[in-house]
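S.K.: Pasting the sequence and the predicted model now:
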Amino acid sequence: MKFIKKSLKQLQGCDLFTITIEFLRGFIIILLFLVFGKLISAYLPIPFPASIIGLILLFSALSTSLVKVEWVMMSGHFILKYMALLFIPIGVGLLNYFDLIISHWSVIVFSLLFTTLFIMLLVGHFYQHMNKHKES
Amino acid sequence: MFFYLALPLTIAVFFVCKYLYSVKPWAILNPVLLSILFLILIHYLFGLDYSQYQKGTYPLTALLEPAVVALAVPLYLQLHLLKSKLNSIVLACLLSVVTAFSCAFYIMPLFGADLITSASFAPQSVTTPIAMAISESMGGIVSLTASMVIFAGIIGSSVGLGFLNRVGVKDRQAQGVAIGCASHALGTAKVLEVDSIAGAFSSVALILSAILSALLMPLFYAFLFS
């Protein structure tokens, strides 16, 4: 976190041109990895989201220092900061499914409450147990 | 006409809702949820055509894929903080994926869900862009999944920590992992407010459980239901 703040602060002193170039560089790298992901997913026998392959590839490239994290830091930070905005148009698509929501509302609410809390309970206890085991 | 208005309207509504949330930070006033409800209302009031809106806002939808790729950046930054715990986190995330899948496909049908709704429920704990991709690949309803993901996040961020304390999960790291697995980014934001180390566990858990869900859920589905 400190690292992000530091590198963002460095940018504040820069002129608009530098910031734009910096932003574009990161964005192009991210798009490039998405294209790699799409290429690979086109040759996979099972349907698999190309974006996830892109994520895994970019993560591997960062881990092996093939891509320096500074190159994608700013664009990555920017996209993720406003990511919530990107879901809205899909969410509005719900208006095509009012009948389904009305006929299934009880199972929808139940699934939300039950699954969310059940996962927390199981995963929380499981990890807590593993963690204790490791420390002792 | 509406085609050209759709994008600026969506952005404007989102920033107004974001402002509202900053004034009154109640979980239920979640800016995304509020924006969706408000835009649906606008569609009804003015009798607008959703397909026009969908085409007009395509630039936003198209950015979802690069946004998933960009998740590699926080994953990389946080992961070396907690390398020694990685095995336990991956196992916990696997457990979460299997649980979410079984709940959706084996428990929910008992309460009236059919195959399509189950496929929409299964990725509800996964961060939205990845959840939508998973739902689509299993034939679920993408809009329903997107909305449920937001509600799952709201549940986790509002009652998550209180619930975990009550059921005896007191370990901060375990709380972070559990909320990251069950309530993705919205839950993680809440954990970050309370404890930055638990927050790092939460964000790694949210990304890993999303990757594992995307790898495994369509496979399970293909084996078991088609």
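M.R.: Looks like it came in fine. Numbering: from 1, shown residues only, chains lettered A, B, ... in the order given.

S.K.: Distance check, the residue nearest in space to the middle of chain A against residue B:22.
M.R.: Computing the C-alpha centroid of chain A and ranking residues by Cα atoms, centre = their mean puts residue A:80 first, at 7.1 Å. Using Cβ to Cβ, to the nearest Å, residue A:80 is found at 18 Å from residue B:22. Glycine gets a C-beta too; all of them are placed from N, C-alpha and C.

S.K.: now the helices for chain B?
M.R.: Taking DSSP state H as the criterion, chain B carries its helices at B:2-23, B:31-46, B:50-56, B:58-62, B:64-70, B:72-79, B:86-102, B:115-121, B:128-137, B:142-166, B:172-194, B:196-225.

S.K.: Now render those as a markdown table, adding distance to residue A:27, mean pLDDT and mean neighbour count.
M.R.: Shown next, in a markdown table, are these (distance: least, Cβ to Cβ, whole Å; pLDDT from 0 to 100; neighbours: other Cβ atoms under 10 Å in any protein chain shown):
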| stretch | distance to residue A:27 | mean pLDDT | mean neighbour count |
| --- | --- | --- | --- |
| helix B:2-23 | 18 | 90 | 16 |
| helix B:31-46 | 23 | 90 | 18 |
| helix B:50-56 | 22 | 91 | 17 |
| helix B:58-62 | 13 | 89 | 15 |
| helix B:64-70 | 7 | 88 | 26 |
| helix B:72-79 | 12 | 87 | 21 |
| helix B:86-102 | 29 | 94 | 20 |
| helix B:115-121 | 31 | 92 | 24 |
| helix B:128-137 | 16 | 89 | 25 |
| helix B:142-166 | 24 | 89 | 23 |
| helix B:172-194 | 21 | 87 | 27 |
| helix B:196-225 | 20 | 90 | 21 |
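
S.K.: And the pLDDT at the residue lying closest to residue A:41 once chain neighbours are set aside?
M.R.: Leaving aside its sequence neighbours, residue A:41 sits nearest to residue A:50 (Cβ to Cβ, 6 or more residues apart in numbering or on different chains; 4.1 Å). We have a pLDDT of 87 for residue A:50.

S.K.: Could you chop chain B up by domain?
M.R.: Domain ranges of chain B: B:2-62, B:70-225, per automatic domain parsing.
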